[in-house]
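Colleague: Dropping the sequence and predicted coords here.
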Amino acid sequence: MTGAEFIAHAISAGTLLGCGIGDRLEGAESVIPLSYVDDVTGRRNSRTLRRDYGLFEVTYGGDPDWMCQALSLEVHRLLHLPDLRDEARDRLGIRFEPLTKWADVRREYERIAGNGALEVLDESPGYRVFRKRSVGASVHVVHDPSAERGDFPGHGDVWSLEIISPRFMQ
């Protein structure tokens, strides 16, 4: 599977590797075979666990029964981390390029049966956000004609994908 196909399926389903909002930590551990670093913050009864897999970040709440609250796919990291691309290919079967064009993701998204149009937002300077509210998915795409591909993703490249509970989307 290509990176563009993977991102399109994540937008469509609102999951990363089958892990979604409300899933327990144990479930993610069984489907995400990547190394990670944990960061636990907060005080008793309001602690948060952020698990960083390099390519993915998953945020959990509800200690000790950790439940997924948010997921993100950090596509921009792939440009400078060839080992991360290799790990995604070898362990997940996903062939990411250093940069992923939104046009490629959108084409793959439109091929998936039952997908409707995405909402288009201009929430932040330099980025356009494409949202599938029903599953809580938002894709940040570089939207600055002066941003050229180089040390960072350029105009029209995917920066990241976030998935949160649809009830928190305005």
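Modeller: Yep, that arrived.

Colleague: ok, the helix or strand of the chain with the lowest mean pLDDT: who's next to it in the sheet?
Modeller: Every helix and strand in the chain was compared by mean pLDDT, DSSP states H and E; the lowest is strand 119-124, with a mean of 81. Paired with strand 119-124 in the same sheet, following DSSP bridges, are strand 127-132 (antiparallel).

Colleague: who touches the strand it pairs with?
Modeller: With C-beta atoms under 8 Å, 6 or more residues apart in numbering as the test, strand 127-132 has contacts from 11-12, 14, 102, 106, 115-116, 118-123, 137-144, 159, 169. Using the backbone N, CA and C atoms, a C-beta is placed for each residue, glycine as well.

Colleague: tell me how far it is from the chain's mean position?
Modeller: Taking C-alpha atoms, centre = their mean, to the nearest Å, the mean C-alpha location of strand 127-132 is offset from the chain mean by 12 Å.

Colleague: residues in contact with the next helix or strand after that strand?
Modeller: The helix or strand immediately downstream of strand 127-132 is strand 137-142, counting by DSSP states H and E. By C-beta under 8 Å, 6+ apart, the residues outside strand 137-142 that reach it are 7, 10-11, 14, 102, 105, 118, 124, 126-132, 152-164, 169.

Colleague: cutoff 6 Å now
Modeller: Outside strand 137-142, the residues that touch it by C-beta atoms under 6 Å, 6 or more residues apart in numbering are 11, 14, 102, 127-131, 153, 155, 157-163.

Colleague: residue contacts, the residue in the chain sticking out farthest from the centre?
Modeller: The centre of the chain is farthest from one residue, residue 44, which by C-alpha atoms, centre = their mean lies 28.4 Å away. By C-beta under 6 Å, 6+ apart, the contact list for residue 44 is empty.

Colleague: That one: what secondary structure?
Modeller: coil (DSSP: H, G, I helix; E, B strand; the rest coil).

Colleague: May I have the phi/psi pair for it?
Modeller: For residue 44, the backbone dihedrals (degrees, to the nearest 10) come out as phi -50, psi 140.

Colleague: any idea how far it is from residue 73?
Modeller: Look at residue 44 and residue 73: by C-beta to C-beta, to the nearest Å, they are 31 Å apart.
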